[in-house]
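> Got a predicted model here, sequence first, then my questions.
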Number of protein chains: 2
Amino acid sequence: MAMSPNRSVTIKDVANHASVSVATVSAVMNKNKYVSPELAQRVRESISALSYKRNSFAHGLKTRVSYSIGLIVPDITNPFFTNIARGVEDVASAHNYSLILGNTDEDPEKEKKYLQLLESKQADGLIIAVTARSHEYLQSLPIQHLALISIDRSLFDLGIDTVMVDNRAGARTAVEHLIALGHRRIGLVTGIRGIAPTEERLLGYTEALEKHGIAVDPALIAVSYARVGGGERGAMQLLALENRPTALFMMDGTMAIGALQTIAKLGLRCPEDIALVCFDDFTWAAVMQPRLTVIDQPTYEIGQQSAHLLFERLQNRKRAPREIRLQTQLIVRESCGAMLR
Amino acid sequence: MAMSPNRSVTIKDVANHASVSVATVSAVMNKNKYVSPELAQRVRESISALSYKRNSFAHGLKTRVSYSIGLIVPDITNPFFTNIARGVEDVASAHNYSLILGNTDEDPEKEKKYLQLLESKQADGLIIAVTARSHEYLQSLPIQHLALISIDRSLFDLGIDTVMVDNRAGARTAVEHLIALGHRRIGLVTGIRGIAPTEERLLGYTEALEKHGIAVDPALIAVSYARVGGGERGAMQLLALENRPTALFMMDGTMAIGALQTIAKLGLRCPEDIALVCFDDFTWAAVMQPRLTVIDQPTYEIGQQSAHLLFERLQNRKRAPREIRLQTQLIVRESCGAMLR
DNA sequence: ATGAAAGCGCTAACAA
DNA sequence: TTGTTAGCGCTTTCAT
């Protein structure tokens, strides 16, 4: 597609300009051999005079390192992943690595496509929130080449470094908070099944109910997807019930927005008629109506830590896989109704 | 940093496996030469049998195209840029290009660093929201190599394709809306100076006031930066005035969040005591308190269009530079006080 | 219709 | 201490 542009400055040009060999130029650039101060100086001057920049194709062809890593998430537009991306990018950039971004929309086919792209680009590493049942692709990857870090979803069983949140505890906390507030019929709107956050939060929800002797009513569990529209749909399903829940636990922040809209559309009030708690905090949570009670996830840290893990592994391929579980935090605001007391 | 991994499958392996020459393999991959159907088939089988993926270093070294483009924005965490990124990524991905992301935080030094990174990575193109006065770097870039598209901020004067919004009209609309609502003392909180959105919106603000015979009061203009904290600070500066404004026009959505918080902190109500209009809409605008009256920018489209422009230019380096101005849209909700009537 | 081989720009082993 | 050169995997001209 792109037309071939004219030649740019090569290491040979620098060598000629400084009247040294290309090996010498290479040596000063990589500081991996002794070069006399005078020559080194001359080379540096030529480099800046010609504003030479190393061709990373040639460099990578030789060394097999690309100085770039991938980040594959379902949707960068979800603030949860936006903040993760920022965290990853900040540490990648500090290591002089560049970040290649991909959105899967939870579609295994798109995931596969990005994986192949990154493989052919020889990315040194990859941080990925895998889609549901995508493990077979991962297995077939030349994993020894690509340092792999799983985020949000666990691949620890496959021996892959993982950074995620304690979903079960988070969900338990949320539901117990609602129970403490007197709720017995607590509706749950989940994201897609088959990914760790959904399954673990589901478990936490169940545990909390059982612990307090409340039977789990399958009718109160709506399976949906992590978008505003998914929240609207899931909330609608539950609130349309004859014997509708008095509280809603939404598994994702974007879904909580949707739930709020559905509640309003039905002419109900939150928290007076329906209490609401959700995962994910927002920068603007304080100016929402009602102000959301949330299970806050340390999003930026997830990004940071996963990138750290990645660079660690790049340096030591054989260290044992690690699973980092970050803690969530209940932030009580208005939507749960606690302020009503 | 990364250790050298073991060899992967090369074109030579495929050639051996299919008992043909590497030239033939290359020909079937690139479909640029006649290859007999039988050989082509054999090659294709070998490729998938060995799950061969072309080494993009070698490919790029030869062809000088990297199939990757850069996107440099101030902060991906600002929803305005998040949506742009999604738009860019979607079309890049459709072209089998990958997207390299960078955040500048409006710091010209960071911008320079990314520019160099992308140059050495031989990115085929770059979509950038330039920082204030960064034009000298851009000039020194081997622009003939790198297709450049400017977004949000204009570089059209430099002959560079530009996609932006009609800031002046947007600001005028916002301010006239406030004037129509009876406001005379309209405070303005700007982002950093020296970038087109700030300067053009400032112009629109001034024009609207003058058109209605209202003198521009410099005390009502606070210069700040596009973050929640920047909005808090800017709003505080204006609301602390003895003769404080009755309405606030915030140049950015994140700043509007900050303004709302400041208004609340001062014990004022929006819109009853202070009316508010801002640039940028949010997915969750409908569930904010108050619901924000905004000048909506077509963020996703900015991303899409800029990427289209980029691929267009990649195909035709010499077409005349184009400036695309997208229109904004006033969305009247509660924060302006229009609903109070 | 297919293959041999040069060469893209760089690194690193080896020579001098 | 510095330079010569092979070769990374691919594309493409030129032979055959």
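Received, thanks. The structure displayed is predicted, hence computed values, not measured ones.
> Tally up the residues packed near A:E272, please.
Under the neighbour criterion other Cβ atoms under 10 Å in any protein chain shown, A:E272 is assigned a count of 10. In this view, the C-beta of every residue, glycine as well, is placed from N, C-alpha and C.
> That one and DNA strand D: what is the separation?
Noted for A:E272: a distance of 64 Å to DNA strand D, by Cβ to the nearest atom of the strand, to the nearest Å.
> same question, A:V25
From A:V25 across to DNA strand D, the span is 8 Å (Cβ to the nearest atom of the strand).
> so what's A:T198 up against?
Contact criterion Cβ atoms under 8 Å, 6 or more residues apart in numbering or on different chains gives A:T190, A:G191, A:I192, A:M251 as the residues in contact with A:T198.
> contacting residues around the second one?
Read it as A:G191. With contact taken as Cβ under 8 Å, 6+ apart, A:G191 is in contact with A:P197, A:T198, A:S224, A:Y225, A:A226, A:G230, A:M251, A:D252, A:M255.
> check which helix or strand covers the fifth one.
A:A226 belongs to no helix or strand when elements are defined using DSSP states H and E.
> for chain B, what are the nearby residues on the stretch 101-250 of chain A?
For the stretch 101-250 of chain A, the residues found near chain B under the criterion Cβ under 8 Å from any Cβ of the partner chain are A:101-103, A:110, A:113-114, A:116-122, A:124, A:140, A:142, A:144-145, A:147, A:228.
> quick one: which of the residues you listed sit in strands?
Judged by DSSP state E, those include A:L101, A:G102, A:N103, A:A147 as members of strands.
> of all of chain A, which residue lies closest to chain B?
With distances taken as Cβ to the nearest Cβ, chain A approaches chain B most closely at A:Q289, which sits 3.2 Å away.
> What's the local residue count around that residue?
By the other Cβ under 10 Å criterion, the neighbourhood of A:Q289 contains 17 residues.
> One more: A:V277?
A:V277 has 31 neighbours, counted by other Cβ under 10 Å.
> before we move on, back to that, now the ones in strands among the residues of the stretch 101-250 of chain A next to chain B as JSON lines including pLDDT, distance to DNA strand D and neighbour count?
Formatted as JSON lines, these follow (pLDDT from 0 to 100; distance: Cβ to the nearest atom of the strand, whole Å; neighbours: other Cβ atoms under 10 Å in any protein chain shown):
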{"residue": "A:L101", "pLDDT": "98", "distance to DNA strand D": "25", "neighbour count": "26"}
{"residue": "A:G102", "pLDDT": "97", "distance to DNA strand D": "22", "neighbour count": "23"}
{"residue": "A:N103", "pLDDT": "98", "distance to DNA strand D": "27", "neighbour count": "24"}
{"residue": "A:A147", "pLDDT": "91", "distance to DNA strand D": "19", "neighbour count": "24"}
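> Pick out the most distant pair among the residues you listed.
Across these, no pair lies farther apart than A:N103 and A:A147, at 21.3 Å, counting by Cβ to Cβ.
> if we can go back for a sec, who wins for neighbours among the contacts of A:T198?
Counting neighbours by other Cβ under 10 Å, A:M251 leads those with 30 neighbours.
> which residues in chain A form strands?
Assigned by DSSP E, the strands in chain A fall at A:68-73, A:98-103, A:125-128, A:147-151, A:161-165, A:186-190, A:221-223, A:247-250, A:275-279, A:293-296, A:323-326, A:329-331.
> looking at the ones you listed, which is closest to B:A320?
With Cβ to Cβ as the criterion, B:A320 lies closest to strand A:98-103 of the strands of chain A, at 30.9 Å.
> Against which helices or strands is the closest one packed?
For strand A:98-103, the contact count by 3 or more Cβ pairs under 8 Å, 6 or more residues apart in numbering or on different chains; DSSP states H and E identifies strand A:68-73, helix A:79-94, helix A:108-120, helix B:79-94, strand B:98-103 as packing neighbours.
> where's the last one relative to the chain centroid, distance-wise?
Spelled out, it's strand B:98-103. With Cα atoms, centre = their mean, to the nearest Å as the basis, strand B:98-103 stands 11 Å off its chain's centre.
> so what strands line up beside that strand?
Looking at strand B:98-103 with DSSP bridges, its partner strands are strand A:98-103 (antiparallel), strand B:68-73 (parallel).
> Any chance of TSV for these, columns distance to A:E38?
Below are those laid out as TSV (distance: least, Cβ to Cβ, whole Å):
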stretch	distance to A:E38
strand A:98-103	34
strand B:68-73	37
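> Help me confirm that A:G170 comes into contact with A:D281.
No. The pair formed by A:G170 and A:D281 falls short of the contact definition of Cβ atoms under 8 Å, at 11.8 Å.
> Can you tell me how far the residue lying closest to A:A338 once chain neighbours are set aside is from A:R269?
If the residues on either side of it in the chain are set aside, A:A338 comes closest to A:V332, at 5.2 Å by Cβ to Cβ, 6 or more residues apart in numbering or on different chains. Taking Cβ to Cβ, to the nearest Å as the measure, A:V332 and A:R269 are separated by 18 Å.
> Just want to know which of the two has more residues nearby.
In this view A:V332 and A:R269 are compared by other Cβ under 10 Å, and A:V332 has more residues nearby, 15 against 11.
> picking that back up, would a markdown table of the strands of chain A with distance to A:R317 be doable?
Conversion of the strands of chain A to a markdown table gives the following (distance: least, Cβ to Cβ, whole Å):
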| stretch | distance to A:R317 |
| --- | --- |
| strand A:68-73 | 15 |
| strand A:98-103 | 21 |
| strand A:125-128 | 11 |
| strand A:147-151 | 8 |
| strand A:161-165 | 12 |
| strand A:186-190 | 37 |
| strand A:221-223 | 39 |
| strand A:247-250 | 40 |
| strand A:275-279 | 34 |
| strand A:293-296 | 34 |
| strand A:323-326 | 18 |
| strand A:329-331 | 35 |
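> looking at chain A, which helix or strand does the model trust least?
The helix or strand of chain A with the lowest confidence, counting by mean pLDDT, DSSP states H and E, is helix A:135-140 at a mean of 66.
> which residues sit in contact with the residue nearest to A:V223 when sequence neighbours are not counted?
The spatially closest residue to A:V223, leaving aside those adjacent along the chain, is A:T190, at 5.2 Å (Cβ to Cβ, 6+ apart). Remark: with contacts taken as Cβ under 8 Å, 6+ apart, A:T190 is in contact with A:T198, A:R201, A:L202, A:I221, A:A222, A:V223, A:S224, A:G234, A:M251.
> Tell me how many other residues surround the closest residue in space to A:D280 that isn't next to it in sequence.
Counting by Cβ to Cβ, 6+ apart, A:D280 lies nearest to A:G253, which is 3.0 Å off, once chain neighbours are set aside. In terms of burial, A:G253 registers 25 neighbours under the definition other Cβ under 10 Å.
> Which one of the ones in strands among the residues of the stretch 101-250 of chain A next to chain B is nearest to DNA strand C?
Proximity of these to DNA strand C (Cβ to the nearest atom of the strand) peaks at A:A147, which lies at 19.1 Å.
> beta partners for the closest residue to that closest one other than its chain neighbours?
Taking Cβ to Cβ, 6+ apart as the measure, A:A147 lies nearest to A:G125, with 3.9 Å between them; neighbours along the chain are not counted. Beta-bridge pairing of A:G125 under DSSP bridges involves A:I69, A:A147.
> Show the pLDDT at A:Y34.
Looking at A:Y34, its pLDDT is 87.
> ok so, going back, kindly present the contacts of A:T198 as CSV, with separate columns for distance to B:E323.
Listed next are the contacts of A:T198 as CSV, based on distance: Cβ to Cβ, whole Å:
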residue, distance to B:E323
A:T190, 46
A:G191, 42
A:I192, 42
A:M251, 44
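> can you tell me how far the residue sitting furthest away from the middle of chain A sits from A:P37?
With distances taken from the mean C-alpha point of chain A and given as Cα atoms, centre = their mean, the most distant residue is A:S19, at 49.3 Å. Spatial separation of A:S19 from A:P37 under the definition Cβ to Cβ is 16 Å.
> and what of A:A196?
In terms of Cβ to Cβ, A:A196 sits 56 Å off from A:P37.
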